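K.L.:
Here is a sequence together with a model predicted from it:
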Amino acid sequence: MYENMGVAIIGCGGIAHAHCNTVLAKDDTIQLYMYDVDLEKAESMCQQYSGAGIFDTYQEVLSSEKVDVVDICVPHDFHVPVTIAAARAGKHILLEKPIARTLREADQILKAVGDSGVRLFVAECWHFYPSAVKSRELIDQGVIGVPFLIQANSLQYHTPPEWRAVKDKMGGGVLIDRGIHFINYLRMLGGKVESVSATFNHQTIHSMEGEDTASLLLKFQNGVTGQLTVSWATRTAMNWPWLAVYGSEGNMYDTGDGFYVQSFINERYNDKGKPVRLFDTMLEDYTIPAEMEHFVECMRSGEKFKVTGLDARADLEVVEAGHRSVETGKFIYL
């Protein structure tokens, strides 16, 4: 459908650079434009990535016939107005996660997209995390029997800069910014979430307004249990698994040095009683290029995106349920 494609980057901050270091700036059939309220940032990025040009205003972006897609990389509190304006202008949309700060905002975006008929891809890069993708494949093959427990952990020390430290602009703290990634692949592996229980902590990164640590207990409709711990407050890295899936006949896990599988019903995944290491751990440096290649391929083929607006809404629903659980001290049923 779009063998030649005009893409306008909206917001030339850090994540926009990550987007540009992919097929978007490396494919000669993609004309890459830049816009930022700080025109110097747009000019600098355009020069750095040999872009096709910059726009002086967002209205110029929306009215340009050269632009087929807007790649929205703005702070969370601007997602609604910027995305809705793009939809109404008939531009296809690549929107950085989360889809919005609240379900109410997400529904406003989904309505505008539905009314306009444009395509929406929410850039959830960890959906393309190789260990999660391979786990889904092996679950489907029955390699570890029936899964009963899925864990995800992201433990690091990080002080979010500028707007990311402001609770209202973010829509929360570490859970909506970092944790939503892992909610996505917990859902990818576990299916539909039935209930959520959560606890938050805020003992270390006092410069941010939202929680710096969040722990969630999920129950999936199929009976599987999900556990998520995400923190920007852990000063010393430990050997926690990024991802682990435990089944009736084996397990698989990624401890940061590779992806391992041990099956007691499939000899291919059992090395004399020890797990088999399938490949190296591949984090953001892999996942963001993979998601952008997927976006471009789907724009050209017309195939469905792997992360739709409804998928992103379902991730946000778990985040919102986590906040409600903390406020009420109860399990929240979805």
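P.N.:
Everything's here; your move.

K.L.:
and Asn251, how many residues sit next to it?
P.N.:
When neighbours are counted by other C-beta atoms under 10 Å, Asn251 registers 20. Every C-beta, even on glycine, is put in place using the N, C-alpha and C of the backbone.

K.L.:
Please apply the same query to Met5.
P.N.:
Around Met5 there are 19 residues (other C-beta under 10 Å).

K.L.:
That one and Val143, how far apart?
P.N.:
39 Å (C-beta to C-beta, to the nearest Å).

K.L.:
Over to Leu155?
P.N.:
Leu155 is 27 Å from Val143, by C-beta to C-beta.

K.L.:
ok, these two, which is more surrounded?
P.N.:
Set Leu155 next to Val143 and count neighbours by other C-beta under 10 Å: Val143 wins out with 21 against 17.

K.L.:
so that one touches Val261, yeah?
P.N.:
Yes - the criterion here is C-beta atoms under 8 Å, and Val143 meets it with Val261 at 6.7 Å.

K.L.:
what sits in contact with each of the two?
P.N.:
Shared contacts of Val143 and Val261 (C-beta atoms under 8 Å, 6 or more residues apart in numbering): Gly250, Met252, Tyr269.

K.L.:
Which of those fall within strands?
P.N.:
Gly250, Met252 (DSSP state E).

K.L.:
Reformat the shared contacts of Val143 and Val261 as CSV; add pLDDT and neighbour count.
P.N.:
Output for the shared contacts of Val143 and Val261, formatted as CSV (pLDDT from 0 to 100; neighbours: other C-beta atoms under 10 Å):
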residue, pLDDT, neighbour count
Gly250, 98, 22
Met252, 98, 27
Tyr269, 98, 20
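
K.L.:
and which of the shared contacts of Val143 and Val261 is nearest Gln108?
P.N.:
Met252 (39.0 Å; C-beta to C-beta).

K.L.:
what's near enough to touch that closest one?
P.N.:
Met252 neighbours (C-beta under 8 Å, 6+ apart): Lys134, Ser135, Leu138, Val143, Ile144, Ala244, Val245, Phe259, Tyr260, Val261, Gln262, Pro275.

K.L.:
hmm, 6 Å instead?
P.N.:
Ser135, Val245, Val261 (C-beta atoms under 6 Å, 6 or more residues apart in numbering).

K.L.:
what separates it from Pro147, distance-wise?
P.N.:
For Met252, the distance to Pro147 - C-beta to C-beta - is 10 Å.

K.L.:
Overlap of the contact sets of these two?
P.N.:
Val245.

K.L.:
just so I have it, where are all the strands in the stretch 1-150 of the chain?
P.N.:
With strands called from DSSP state E, counting those that start in this stretch, the stretch 1-150 of the chain shows them at 5-10, 30-35, 53-54, 69-72, 92-96, 120-123, 147-155.

K.L.:
Gly309: which of the ones you listed is closest?
P.N.:
strand 120-123 (4.6 Å).

K.L.:
Quick one: list the elements packing against that closest one.
P.N.:
strand 92-96 (3 or more C-beta pairs under 6 Å, 6 or more residues apart in numbering; DSSP states H and E).
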